[in-house]
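Student: sequence and computational prediction follow.
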Amino acid sequence: MDDLIKRAAQELAEAKHAAALTGAGISVESNIPPFRGKGGLWEKIDPMEYAHIDAFMRDPAKVWNVLIKGMKNIIAQAQPNDAHMGLARLEALGRLKTVITQNIDGLHQAAGSTDVIEFHGNFAWQRCMDCDARIETVKVDMSRVPPLCECGGIYRPECIFFGEIIPPQHLSRSQFVASQCDLMLVIGTSATVQPASYIPVISKESGARVIEINPERTPLTGSVSDYLIMGKAGEITRLIVEALERLL
Ligand code: OAD
């Protein structure tokens, strides 16, 4: 593993346009559970019953009570970990330009990353489905579920549900970043949800090096990614940044 960490640091030192794609795994060390695998949210609840737009439209109170309320509490308490901080440090060192994240927790921005594409939207804001008024999620009054806007409309998070399209501006910019970068760090994603999982494929096909950080193999491992550094995002990213700083 030490060799791979040194190799990643060296490649980051040489890269001119590095980018990162992150998934739920990067926030596990911030106490936000992932979706799949051990302890994953989809082990406990069926995403088609609680995270699909049709389910929300059918019964918003049920989705607020089972999914959104819980997420609100978990995300409100979460703090960036060494992986979020490490990516922000890479940006400050001029070694990383853009983070594309599938996460909605805002932890990259909290850590200091300034160019973050929130591929699946964000959870920091709720939007009224009738009048489009916005409210910060932390300010939503939960005494009535589903919470209602002053106009009587129902609030929904500004992230996407299954069955909804990726915000076009996020999709096109992510594809552009993926095609222009010369190094793509892929951290903490199972790479099973399209179209996000195609982002590293675009980078690979455009000639970039693709490095994965994950405790498990993924469908990208051994085909799309040049190598996998097996381990937790926080620990591995910290070691890479330390090794890089010794090189600069
Ligand atoms: P998943 O839950 O599918 O995958 C989490 C990944 O993180 C797995 O590959 C784990 O091995 C890895 N992992 C676990 N702990 C880790 C750690 N400490 N450090 C690094 N990696 C770790 O999450 P995503 O790939 O992000 O979409 O899921 C993609 C999308 O599926 C989500 O954005 C969400 C979900 O349904 C929507 O809700 C639209």
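Tutor: Sure thing, it's come through. Numbering: from 1, shown residues only.
Student: what parts of this protein come near the ligand?
Tutor: Applying Cβ under 6 Å from any ligand atom, one finds that the chain approaches the ligand through 23-26, 28-29, 34-37, 40, 47, 51, 102, 120, 160, 162, 188-190, 192-193, 214-216, 218, 232-233. For the C-beta atoms, the positions are set from N, CA and C on the backbone; glycine is no exception.
Student: are any of those buried, and if so which?
Tutor: 23-26, 28-29, 34-36, 51, 102, 120, 160, 188-190, 193, 214-215, 218, 232-233 (16 or more other Cβ atoms under 10 Å).
Student: restricted to helices, list these.
Tutor: The helices, defined by DSSP state H, take in Ala233 from these.
Student: so which of the buried ones among the residues of the chain next to the ligand are in strands?
Tutor: Judged by DSSP state E, the subset of those located in strands is empty.
Student: where in the chain is pLDDT low?
Tutor: Within the chain, the set of residues satisfying pLDDT under 70 is empty.
Student: how about whichever residue of it sits closest to the ligand, nearest residue that isn't a chain neighbour?
Tutor: Closest approach of the chain to the ligand (Cβ to the nearest ligand atom) occurs at Gly25, with a separation of 2.2 Å. Nearest non-adjacent residue to Gly25, counting by Cβ to Cβ, 6 or more residues apart in numbering: Gly188, 2.4 Å away.
Student: and the one you found, how far from Asn103?
Tutor: 9 Å (Cβ to Cβ, to the nearest Å).
Student: which parts of stretch 189-202 are buried?
Tutor: Thr189, Ser190, Ala191, Val193, Ala196, Ser197, Tyr198, Ile199, Pro200, Val201, Ile202.
Student: and stretch 207-214, by the same measure?
Tutor: Ala208, Arg209, Val210, Ile211, Glu212, Ile213, Asn214.
Student: and for stretch 83-100?
Tutor: Residues 83-91, 95-100 are the ones in stretch 83-100 that count as buried (16+ other Cβ under 10 Å).
Student: in helices only, show me the residues you listed.
Tutor: Counted as lying in helices by DSSP H, out of the buried residues of stretch 83-100, are Ala83, His84, Met85, Gly86, Leu87, Ala88, Arg89, Leu90, Glu91.
Student: quick one: the residues you listed as CSV, columns for distance to Met1 too.
Tutor: What follows is these, written out as CSV (distance: Cβ to Cβ, whole Å):
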residue, distance to Met1
Ala83, 16
His84, 21
Met85, 20
Gly86, 16
Leu87, 19
Ala88, 23
Arg89, 20
Leu90, 19
Glu91, 24
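Student: contacting residues for Pro219?
Tutor: By Cβ atoms under 8 Å, 6 or more residues apart in numbering, the contact set of Pro219 is Ala191, Thr192, Ser197.
Student: between all of the buried residues of stretch 189-202, which two are separated the most?
Tutor: Based on Cβ to Cβ, the longest span within the buried residues of stretch 189-202 runs between Ser190 and Ile202 and measures 18.0 Å.
Student: nearest spatial neighbour of Gln109, skipping sequence neighbours?
Tutor: Val116 (5.6 Å).
Student: beta partners of that neighbour?
Tutor: Val99 (DSSP bridges).
Student: what number of residues lie near it?
Tutor: Counted with other Cβ atoms under 10 Å, residues neighbouring Val116 total 22.
Student: what residues are up against it?
Tutor: Val116 touches Thr98, Val99, Ile100, Thr101, His108, Gln109, counting by Cβ under 8 Å, 6+ apart.
Student: about what we covered before: the residue of the chain closest to the ligand touches Ala191, doesn't it?
Tutor: No: with contact defined as Cβ atoms under 8 Å, Gly25 does not count as touching Ala191 (10.5 Å).
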